[in-house]
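Engineer: Model the following, please.
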Amino acid sequence: MIITVASGKGGTGKTTLAVNLAAVMENPVVLLDCDVEEPNAQLFLNGASNQEEDLVHLLIPEVDATHCTGCGECAQFCRYGAIAVPRATAIVFPELCHGCGGCKLVCPSGAICEVERRIGKIETFTRNGIILHEGRLDIGVAMAPPLIRALKTRIRKDYTVIIDAPPGTSCPVIAALRGSDFAVLVTEPTPFGLHDLKLAVEAVRELELPFGVVVNRMGIGDERVHTFCQEEKIPILAEIPDDRNIAEAYSRGALLSEALPEYRPIFSNLLKRILQNGTFGKAEDSEKP
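Structural biologist: The predicted model follows:
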């Protein structure tokens, strides 16, 4: 089963939930840190590195000016503006290229070939049955989805997989969510939390994924998140209280399920609900009548 932990905004406790879910698993688990712009799951797991780094590359076009006729077919094809023909020869903007290879296919003169451009790396760590694959985008690289897709090739069908998605609802989040069996949306009971939760709900419904909500920092806001979930028939799978001890453990980089054993049942029960009830919050069940 592939479980993706996501949130409409940053700072809701998404990574905290993901690493603690992995920690309470009785069987070996694969954890993918797909927040490739700022991965931090390893700070809490403190696992042993396998001492290897797998570099990830994206194929981007390179134009042979001696064969380019300046016809503009490549520029017309590219929907991202990664290639342009301002004069007699096409110009490539590598930072905008998504690596689809379409410009090479449509070039009538065969003037375009593809070359590798490094975009990031993948590191692997292990700790107590947890295999953590961490993606880290290179500085200056603008697009995370290609690295996230490369990271997801590490998914093992014989393992439970937990994906720590990037925050928000943009392209990197969609890349992390695709192919998941269940999405856990982490929010907080505040107006900002509710606003961004609504965006996250729209995203997972568009992808037709079963999903549920975890409310973190219970006690700091109001009941509007609960009211929204009730109206939309979205299950609230767990609630984590606003506790100073949790904040202190987090600041030390400790796993809550180990530093504060009284909270371990929250994560264990949440995991059981997900594994036993993977149809929670399906689009057809949670849409308004």
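
Engineer: Gln230 belongs to a helix?
Structural biologist: Yes: Gln230: assigned to a helix according to DSSP: H, G, I helix; E, B strand; the rest coil.

Engineer: please begin residue numbering at 864 from this point
Structural biologist: Sure thing, new numbering starts at 864, so read that last one as Gln1093.

Engineer: That one and Val1047, how far apart?
Structural biologist: 18 Å (C-beta to C-beta, to the nearest Å). Using the backbone N, CA and C atoms, a C-beta is placed for each residue, glycine as well.

Engineer: Ok, Ser1120 next?
Structural biologist: 16 Å.

Engineer: Show me which of those two is the more surrounded one.
Structural biologist: Set Ser1120 next to Val1047 and count neighbours by other C-beta atoms under 10 Å: Val1047 wins out with 30 against 21.

Engineer: Setting the sequence-adjacent residues aside, check what's closest to the more buried one.
Structural biologist: Using C-beta to C-beta, 6 or more residues apart in numbering and skipping the chain neighbours, the partner closest in space to Val1047 is Val868 (4.8 Å).

Engineer: Show me what secondary structure element comes after whichever strand or helix holds Ala885.
Structural biologist: In this assignment (DSSP states H and E), Ala885 forms part of helix 877-886. Using DSSP H and E, the helix or strand that follows helix 877-886 in sequence is strand 892-896.

Engineer: Which stretches in the stretch 1014-1152 of the chain count as strands?
Structural biologist: Using DSSP state E, counting those that start in this stretch, the strands assigned to the stretch 1014-1152 of the chain run over residues 1023-1027, 1045-1050, 1074-1081, 1099-1104.

Engineer: Show me what the shortest one is packed against.
Structural biologist: Meaning strand 1023-1027. Helices and strands touching strand 1023-1027, by 3 or more C-beta pairs under 8 Å, 6 or more residues apart in numbering; DSSP states H and E, are strand 865-869, helix 877-886, strand 892-896.

Engineer: what about that strand, distance to the chain center?
Structural biologist: The chain centre lies 10 Å from the centre of strand 1023-1027; the measure is C-alpha atoms, centre = their mean, to the nearest Å.

Engineer: Need the residues that contact it.
Structural biologist: 864-868, 877-878, 881-882, 884-885, 888, 890, 892-898, 904, 1015, 1018, 1039, 1043, 1138 (C-beta atoms under 8 Å, 6 or more residues apart in numbering).
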